[in-house]
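[1] Here is the input, now give the coordinates:
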Amino acid sequence: MADQVQEILDVPRDFLKDGIQFINKSQKPDRREFIKISQAVGVGFLIMGAVGYVVKLIHIPLNNILMGGA
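    This is a model prediction of the structure:
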C-alpha cells in the first residue's frame, strides 16, 4: 500500500523535475530568430484568414441556393 502511494506521489515530482530541466536548458530567441518566427506566424494568419474568407464567400451563395433563398 505504501509503495502505491509513493508511486502516485512520484509522478508529479518527476513531472516537475523534468519541467525545470526543460526550462533551464531552453534559451530565449535572439532578435533575428524572433522576427523570423513572428513573420512565419503572421503569414500563417494571413493564409488561414484568406482560406476562411474564400470558404465563407463560397458558402453563403451556395447556402442560399440550397435553402431556396429564404
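[2] Closest to the centroid, which residue in the protein?
    Geometric centre of the chain, nearest residue: residue 41, 11.1 Å, by C-alpha atoms, centre = their mean.
[3] Show me what whichever strand or helix holds that residue is packed against.
    Counting by DSSP states H and E, the element that carries residue 41 is helix 31-67. Helices and strands touching helix 31-67, as assessed by 3 or more C-beta pairs under 8 Å, 6 or more residues apart in numbering; DSSP states H and E, are absent. For glycine as for every other residue, the C-beta is placed from the backbone atoms N, C-alpha and C.
[4] count of residues packed around residue 67?
    Neighbour count of residue 67, defined by other C-beta atoms under 10 Å: 8.
[5] nope, residue 3 is what I was after
    Neighbour number of residue 3 under other C-beta under 10 Å is 7.
[6] tell me the contacts of it?
    Applying C-beta atoms under 8 Å, 6 or more residues apart in numbering to residue 3 gives no contacts.
[7] Give me the phi and psi angles of it.
    Backbone geometry at residue 3, expressed as degrees, to the nearest 10, gives phi -70, psi -40.
[8] Off-centre distance for stretch 2-17?
    Centroid displacement of stretch 2-17 relative to its chain, using C-alpha atoms, centre = their mean, to the nearest Å, is 29 Å.
[9] quick one: pLDDT of residue 64?
    If you check residue 64, the pLDDT there is 87.
[10] What of residue 57?
    According to the prediction, residue 57 has pLDDT 94.
[11] All further residue positions should be reported with the first residue as 47.
    Done: numbering now begins at 47, and the last item shifts to residue 103.
[12] Could you measure from it over to residue 95?
    12 Å (C-beta to C-beta, to the nearest Å).
[13] One more: residue 50?
    Counting by C-beta to C-beta - residue 50 and residue 95 are separated by 51 Å.
[14] can you check residue 81 too?
    Computed as C-beta to C-beta, the residue 81 to residue 95 distance reads 21 Å.
[15] Please apply the same query to residue 77.
    If you go by C-beta to C-beta, the gap between residue 77 and residue 95 works out to 27 Å.
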